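Undergrad: Okay, here's the prediction I keep looking at, along with the sequence it came from:
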Amino acid sequence: MLNQKELEEIRYALHQIPEIGLEEFETQSLILKWVRVWTKDREDVQIKTWKTGILIKISGTVGRRTIAWRTDMDGLPVDEETGLSCSSQHEGRMHACGHDVHMTVALGLLKLALEHPAENHRLFLFQPAEENHGGAKLMYEAGCFEEKWSVDEFYALHVNPNLKSGVIATRPSTLFAGTCEVHVRFTGESGHAAFPQDANDMLIASTSFVQISQTIISRNVNPVDSAVLTFGHLEAGQTANVIAGDAKLDGTIRAFIPETLKKVKDRLQDVAEGIEKSFNCKVEVNFIQGAWLPVVNDHALTEKFINFCNARGNFQEIDALMTGEDFGYLLQKFPGMMFWLGVDGKYPLHHSKMSPDISKLEISVALIHDWIYQRANAKKIDN
Ligand SMILES: CC(=O)N[C@@H](CCC[C@H](N)C(=O)O)C(=O)O
């Protein structure tokens with residue numbers, strides 16, 4: 001097993017090399033280096049890669065079913081400001097969503113699994129591109145879970161700085177929202193700052209679009225339902241005295257119900273048409289959907305997991321949140337569940353100062369291993 005110090009060293013190494021989705025080459029090679037040492041001469045272990053992803057399967061002694069654990073691998077395009085000694089060495093990249101901790105947990109679980117043979121197979125998935133390309137869906141569609149790589153139960157976690165370190169929180173139904181990325185491109189006519197009458201200003205068009213589209217949430221979504229529309233990136237024009245002839249706007253929509261997500265998308269198209277008319281410009285709206293389905297936990301498995309955690313005294317109830325996760329896609333294909341792991345921090349996920357407290361990692365890894373081990377010796381979901 002990996003002790004607390006060894007887990008911290010692994011996280012330290014991974015935190016320094018954050019990479020954007022589908023570019024996780026250094027991360028993949030570091031993980032493979034460790035895994036190859038641990039699995040040397042093991043005939044019960046198979047390893048395969050898909051792009052920057054890795055799958056490791058440990059055969060069970062009886063081998064009726066496969067219990068799988070998934071970690072994501074990618075970082076975000078964020079400039080790290082934690083001031084940590086293990087800060088990112090990759091400019092403009094940061095593990096601001098805790099995927100470095102997720103990978104550390106997965107490696108801790110893998111090491112324990114290698115040391116504890118079980119009746120059924122165990123599979124460890126290191127999945128790229130959770131934040132940007134929906135790597136879970138890409139891997140599924142590429143056939144990564146076919147034939148002897150198929151899965152009977154899939155589990156995953158996400159760190160949560162709002163929960164005390166080591167606390168586990170989940171619910172036996174929807175945990176995360178379904179999300180959809182929105183990319184909007186505005187094309188008008190640039191011109192001299194002094195002659196606005198001869199141009200169509202895309203800075204004004206894009207900011208008007210942002211303002212008006214916020215009313216979709218307050219005026220079109222049923223108040224007893226809920227949705228989020230966040231634009232996190234806007235770029236317009238080039239310099240102070242040239243009217244912006246184009247603008248780029250990127251954001252995300254979140255909702256628990258697919259119909260609500262669709263309503264927000266439809267209304268965004270309407271607003272785009274209105275802006276086109278009002279500003280005599282072109283507005284193209286592109287939606288990227290399909291990977292980040294709502295994370296819906298299997299009821300029976302989650303109830304069992306909650307009882308298991310309660311018996312160890314570190315479970316907390318939690319409401320569904322508007323975060324997104326492409327693990328939701330895998331949960332539509334395989335039974336399983338996701339949970340939050342508390343890492344008590346001052347700054348939220350995606351913040352440039354996000355700094356998880358990982359002092360309880362060894363205890364958390366041991367608990368999750370016990371759960372997987374139990375499931376890897378169970379005959380089916382009901383026992
Ligand atoms: C837990 C978490 O923070 N997840 C991310 C996942 C983003 C997926 C995709 N890029 C999207 O925006 O939907 C989140 O932003 O919630």
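TA: Good, I have the coordinates. Numbers count the residues shown, from 1 in each chain.

Undergrad: Quick check on Gln28: phi, psi?
TA: phi -60, psi -40 (degrees, to the nearest 10).

Undergrad: And for it, the neighbour number?
TA: Gln28 is flanked by 19 other residues according to other C-beta atoms under 10 Å. Where C-beta positions appear, they are placed from N, C-alpha and C, glycine not excepted.

Undergrad: Tell me the residues of the stretch 251-383 of the chain that contact the ligand?
TA: For the stretch 251-383 of the chain, the contact set with the ligand under C-beta under 6 Å from any ligand atom comprises 252, 292, 323-325, 349.

Undergrad: which residue does this structure bring closest to the ligand?
TA: Thr179 (3.1 Å; C-beta to the nearest ligand atom).

Undergrad: Please save the CA atoms from stretch 54-62 in CSV.
TA: What follows is stretch 54-62, C-alpha atoms only, in CSV (Å, rounded to 0.1, in the frame of the first residue of the first chain):
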residue,chain,number,x,y,z
ILE,A,54,-5.0,4.2,-19.5
LEU,A,55,-6.9,1.1,-18.6
ILE,A,56,-5.5,-1.5,-16.1
LYS,A,57,-7.3,-4.7,-15.4
ILE,A,58,-6.5,-7.0,-12.5
SER,A,59,-8.1,-10.5,-13.2
GLY,A,60,-10.1,-12.0,-10.3
THR,A,61,-9.6,-15.5,-9.0
VAL,A,62,-13.1,-16.5,-10.2
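
Undergrad: Now do it: everything it contacts.
TA: The contact list for stretch 54-62, computed with C-beta atoms under 8 Å, 6 or more residues apart in numbering, reads 28, 31-32, 35, 39, 44-49, 66, 110, 113-114, 117-126, 144, 148-149, 376.

Undergrad: Sitting in strands, which of the residues of the stretch 251-383 of the chain next to the ligand do you find?
TA: Thr252 (DSSP state E).

Undergrad: Let me have the residues of the stretch 251-383 of the chain next to the ligand in TSV, adding pLDDT and neighbour count as columns.
TA: Shown next, in TSV, are these (pLDDT from 0 to 100; neighbours: other C-beta atoms under 10 Å):
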residue	pLDDT	neighbour count
Thr252	97	18
Trp292	94	27
Thr323	97	19
Gly324	96	25
Glu325	97	26
Leu349	98	18
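
Undergrad: I'd like to know which of the residues of the stretch 251-383 of the chain next to the ligand are part of helices.
TA: Taking DSSP state H, every one of those sits outside helices.

Undergrad: Tabulate the residues of the stretch 251-383 of the chain next to the ligand (JSON lines), appending distance to Thr104.
TA: Shown next, in JSON lines, are these (distance: C-beta to C-beta, whole Å):
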{"residue": "Thr252", "distance to Thr104": "27"}
{"residue": "Trp292", "distance to Thr104": "24"}
{"residue": "Thr323", "distance to Thr104": "20"}
{"residue": "Gly324", "distance to Thr104": "22"}
{"residue": "Glu325", "distance to Thr104": "18"}
{"residue": "Leu349", "distance to Thr104": "16"}
